[in-house]
Structures are given as structure tokens and as C-alpha cells.
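> quick check, what structure comes out for this input:
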Amino acid sequence: MNKAPIAIFGTSSHAGKTTLVAGLCRLYARRGLRVAPLKSQNMSLNSYATALGEEIARSTAVQARAAKQVPTVAMNPILLKPKADDVSQLILFGKPYADVSSAEYFGSDKLQSLKWQAIDAAIEMLRRDYDLIVVEGAGSCAEPNLRALDVVNFGLASRLNADVHIVTDIDKGGVFADILGTLRVLSLTEPSDAARVRGFLINKFRGDPKILDGGLDFIRPHIGTASLGVLPYLDLSIEEEDRIRPRRCPHPEIDIAILYLPHIANATDFEHLSAEEHVSLRFVRRVDELGAPDAIIVPGSKNTVWDLDYLRRCGLADELLFQAGKTPLIGICGGFEMLGGTLFDPDQTESNMGSVPGLGLLAIDFAFQRDKLVRPCRYSPSPHNPLGDAGDIEGYEIHTGKPLYRGALPLFESDAGPDGAIDVERQIWGTFVHDLWKNARFTRAFVDWLRVRKGLHKLTSPLPNHSDRFEQSIERLADAIEALGIFR
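This next block holds a predicted model:
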């Protein structure tokens, strides 16, 4: 059975498109359809390695999980990973293509043709393998300056002949002006786009719905036959696409500081840490914010060399050197590379800064390669790993840095070789593994290790079940969408 594609667009960024697409994927999946999410073009530093070693947006992988499907590159054929204010790495069909400026990306006829080739190939694959495609747009769908080049909003909806529903965020205010303004701009830019709109959704509403009655009555005559629905605010355990969220708790016993980097990548790596009891998770931008945490994490980065230079310029690098041996320091992917000796980049593949010294906290160097390693991974703890009793871990790797061991002890090991490095005496360690904290036994062992160091007892509560938390949230979301009576 094939059903007309459904597209969820927004009046702005962060309106809730990503989450709503995930909810719709689950809603139609439990109706027995094979559902595929599609984000034709995404700009995000949160990426995911598919089973075939292809790189897609992590949010699309979450949507595939909601649809009860395996994530594939056809679900996100174009991924842009910002490297600087005006430069992004272009990932085409899961593989790096080139670094492009915004002028090149939007002004090149060759790139426009390549984008559509990738998207058309993705559409063909999804139509062949699935009953329904649920599309997620990007940003605002009413951008007259971009319409002629659009490959992710109405340009894609027209190609798919999709039914469009537009979501707006009432948390930001101005939803009625957003709805009518969006519809007006669409009508003035490309009237056929406005005719494709089947409904509007007011998202994240808190309070008594009757408060909205006057506004809803006001706009109904102006939206034609389009439906109008209101979704309540739901506190969900579903990853956000690319927002950085601190995790506070009422009575913190363990304080974990994550250094905020200008090009921070895969920040969702750390959300599972906050599922543990009495753990506070905060992002630190300045030296005076660091305080005396129980652990410091240097996260991944899309531009490791540039962000390392930033840490030096703002004083956080000096603070890491001061904390070494007093506070456990952990580096993930790019953060791991920063902890090493030398970052070799003679061809300037990582940045125009070339080879630079790292922080020198681990006896390991890194050489940046042109080819990117993208793969799911599974490792066992090395004999030097202080959390060895937690057993094997699973995750994925996305990096161009090749480790050059010069005395450092590995943190993990596998038949494919070692991963990570550790200074056992000073408790400084790093790893390339993303999703490390999704391994519940490892995360509990890490938190307990910090607790014991602080003179606290180990936790006795059951391990958090991240899968159950996700399933409960996605089912609640699907229930709320179904209750609207809009999506048949």
C-alpha cells in the first residue's frame, strides 16, 4: 500500500518539525505501514553512522527508530556540517564531497544538479522500499529569496506531490501572525505552494486551550480548507536535533562540566549521563563558569584545530592543564584529539592552521587524513580501563584523525585494533566512540566511580532503560498527534 507523502514544514527553526515527524513515523508504523522519514537536506553537527558506514543526521536516525526502521542514507541524502561561519562540509549520500561556502552551495549550477540527483535517487529508493514517506522541512518554509533553489521545503514537496502541514511554536509567541504571514508569503511567492498546505499545527501549548479560541476563530476564515490543530507541550525523552541543553537536578551530588566549543559536535552524546540520579550536567563557556566539577569532558568538534585554539584564547586550555591530576578529564572524538601531543595536518585538511601542538595530556599524536572513518563500533575495555567491570560498549565513530600511539595505554580494544588512550595515574582519558554514555552499565560505572572518589556510596537504583524511556515518549507523542484527528 502506498500513501501520499506527508511533509511537516515550519514557520521558523525549532518549531518542532523534527519531533513531529518522529511522532508521525510512529503513528503510521503502528497502523501497519512501512514508514520512512526524509530530510533531504540538513545542516547539523549531530551526525550518525549507518550500518553501512554512511553519515546522516542523527535526528533522522531517531526518526527511523520511531518508524521501527533501520536508518539509511536515503533518509538524509544531503548533510551540511558547518566548519566556519561561511563554510560547511558537504556530505552527499553519506560521503564527504567537498567543503563549500554558502555562495558556492547556493550559486553553483553543478551543485544544484548534484543535490537533486542525490535527492531523486533517495526518493526512488524510499518509494520502492516503503509505504509512506514523512518529510521534514528546514527552517522557515516561506523564504522568497530561496524558493528557486529550494530542495528541502516546497521544492521537495512539489517533486513528491506531498500534503504539507505547517507547524508553529507558541512558546515563542506570535503564532497567529506566523501562520497568516507564512501563508501570505507563500501566496505571493509561488501560489501553488500555498495551495499544497493541508493544515497548521500550533505546537507546545501550555494551559487551558479555551484561551486560544478567539485567535483560532480569527484565522480560520483566512486559511481556507486547511485544518487547524493544537498540540500540548509534552516533556519527552527524545533527542533534540541540535540544541545544547544543560541538565540540572534538584539535589546534585555529581557535577559534570562539558566545555562548550564553537563547533561542538554530537552534543547529544551526553544526555544519557543526566538520566543517572543526582547528576548535574552543565556546559561551560568561560573560565569563571568552570568552578570545581567532579569531572570535565571535552566534547567532539567539527573543527578540532580551530576549537583547540579557541580554548587557548579564552583561557580554558590553561584551566585544563591546571586541573590535570586533580579532576578526571575525558575527551570524546575531537576532544580526545585535543588532549594529545601533536595534531599533524600538513595538508590543512582540518583547517588553515595546519599542524599544531595539542594540550600534551596524553602520550598520543594524531594525523588528519583526507578520508573520513565512519562506522558502528564495539569495543571491550582494556586492562587499563578503570571501568572495565562494565563490560563491552557499543557506539559509532566519525573522524579523520588517525591515532599515533607513542606510549599511551589504550582505553578500549577489539580485533580491529585499539581505541582511545588513558593516563591511569592522572585519570585523563579519551576515546573516538560516540554514544558511549548510551551504554547504561558503562555510564553507571562512570558515575559510581566519580561518587566513590568523592566519598559517596554507589547508586543502588536500577539502571536507566533508555530504550523504554524513548518508547514511552514516542508513544505519548503519537497518541497526542492521533488525538488531533487530522492525520488519517
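> next up, the contacts around the closest residue to Thr342 other than its chain neighbours.
Nearest residue to Thr342, sequence neighbours excluded (C-beta to C-beta, 6 or more residues apart in numbering): Asp365, at 4.6 Å. C-beta coordinates here come from the backbone N, C-alpha and C atoms, glycine included. With contact set as C-beta atoms under 8 Å, 6 or more residues apart in numbering, Asp365 has these partners: Gly340, Gly341, Thr342, Leu343, Phe344, Gly358, Pro403, Leu404, Arg406.
> any idea which of those has the most stuff around it?
Highest neighbour count within the contacts of Asp365, by other C-beta atoms under 10 Å: Gly340, with 26 neighbours.
> confirm that residue sits in a helix?
No: with DSSP: H, G, I helix; E, B strand; the rest coil as the criterion, Gly340 is assigned coil and is not in a helix.
> surely it touches Leu362?
Yes: the criterion here is C-beta atoms under 8 Å, and Gly340 meets it with Leu362 at 5.2 Å.
> which element is Glu394 on?
strand 393-405 (DSSP states H and E).
> quick check: mean pLDDT of that strand?
Per-residue pLDDT over strand 393-405 has a mean of 93.
> helices or strands up against the longest helix anywhere in the chain?
Ranked by number of residues, the top helix in the chain under DSSP state H is helix 109-129. Helix 109-129 sits against strand 35-38, strand 78-84, strand 87-92, strand 132-136, helix 154-160, with contacts defined as 3 or more C-beta pairs under 8 Å, 6 or more residues apart in numbering; DSSP states H and E.
> tell me which residues of that helix come out buried.
Leu111, Leu114, Lys115, Trp116, Ala118, Ile119, Ala122, Ile123, Met125, Leu126 (16 or more other C-beta atoms under 10 Å).
> what sits closest to the fourth one if chain neighbours are left out?
Read that as Trp116. Among residues not flanking Trp116 along the chain, Val151 sits closest, at 6.5 Å (C-beta to C-beta, 6+ apart).
> tell me the spacing between the one you found and Phe106.
Going from Val151 to Phe106 by C-beta to C-beta, to the nearest Å gives 10 Å.
> for the chain, which spans come out with low pLDDT?
For the chain, the stretches flagged by pLDDT under 70 are 1, 240-247.
> thinking again about what came up before, quick check: angle from the longest helix of the chain to strand 78-84?
140 degrees (axes from the mean of the first three to the mean of the last three C-alpha atoms, to 10 degrees).
> give me the residues contacting helix 109-129.
Residues from elsewhere that reach helix 109-129 (C-beta under 8 Å, 6+ apart): 2, 34, 36, 38, 40-41, 72-75, 77-78, 90, 92-93, 97, 100, 104-105, 133, 149, 151, 156, 159-160.
> which of Val151 and Phe106 has more neighbours?
Higher neighbour count among Val151 and Phe106: Val151, with 18 against 14, using other C-beta under 10 Å.
> the more buried one: what's it in contact with?
The neighbours of Val151, taking C-beta under 8 Å, 6+ apart as the test, are Ser40, Gln41, Ile78, Gln112, Lys115, Trp116, Ile119.
> go again using 6 Å as the cut-off
In this structure, Val151 makes contact with Ser40, Gln41, Lys115, Ile119, judged by C-beta atoms under 6 Å, 6 or more residues apart in numbering.
> of those, which is the nearest to Thr304?
Nearest to Thr304 among the contacts of Val151 is Gln41, at 25.0 Å by C-beta to C-beta.
> isn't that closest one up against Asn153?
No: counting by C-beta atoms under 6 Å, Gln41 stays clear of Asn153, with 9.4 Å between them.
> settle it for me: which of the two has more neighbours?
More neighbours surround Asn153 than the other of Gln41 and Asn153, with 28 against 23 (other C-beta under 10 Å).
> hmm, Val135 and the more buried one touching each other?
No: in this structure, Asn153 is not within contact of Val135 by C-beta under 6 Å, at 9.0 Å.
> thinking Asp255 is in contact with Ser280, fair?
Yes: with contact defined as C-beta under 6 Å, Asp255 reaches Ser280; the gap is 5.0 Å.
> out of the two, which sits in the more crowded spot?
The residue with more neighbours, out of Asp255 and Ser280, is Ser280; 20 against 17, by other C-beta under 10 Å.
> keeping just the C-alphas, turn the helix or strand hosting the more buried one into PDB.
For Ser280, the element it lies in under DSSP H and E is strand 279-284. Extracted C-alpha coordinates of strand 279-284, given in PDB (Å, rounded to 0.1, in the frame of the first residue of the first chain):
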ATOM      1  CA  VAL A 279      23.900  14.200  38.300                       C
ATOM      2  CA  SER A 280      24.100  17.800  37.100                       C
ATOM      3  CA  LEU A 281      25.300  18.300  33.500                       C
ATOM      4  CA  ARG A 282      26.300  21.800  32.500                       C
ATOM      5  CA  PHE A 283      28.000  23.400  29.500                       C
ATOM      6  CA  VAL A 284      30.900  25.800  30.300                       C
END
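> can you check which of the helices and strands packed on helix 109-129 gets nearest to Leu212?
Between Leu212 and these, the tightest spacing by C-beta to C-beta is seen for strand 132-136, at 25.3 Å.
> the inter-axis angle of the closest one versus helix 109-129?
If you take the same axes, to 10 degrees, strand 132-136 sits at 140 degrees to helix 109-129.
> what pairs with strand 132-136, parallel or antiparallel?
As defined by DSSP bridges, the strand partners of strand 132-136 come to strand 6-10 (parallel), strand 35-38 (parallel).
> which parts of the stretch 351-488 of the chain are helices?
440-453, 466-483 (DSSP state H, counting those that start in this stretch).
> most tightly packed of these?
Ranked by mean neighbour count, those are led by helix 440-453 with a mean of 19 (mean count of other C-beta atoms under 10 Å).
> ramachandran angles for Thr60?
When read as degrees, to the nearest 10, the backbone of Thr60 gives phi -70, psi -40.
> near it, how many other residues are there?
Thr60 - counted by other C-beta under 10 Å - has 29 other residues nearby.
> likewise for the one 5 residues further on?
When counting by other C-beta under 10 Å, one arrives at 21 neighbours for Arg65.
> that one looks like it's in a helix, true?
Yes: the assignment for Arg65 is a helix, going by three-state DSSP.
> can you map out the helices along the stretch 151-300 of the chain?
154-160, 175-189, 191-196, 213-219, 287-290.
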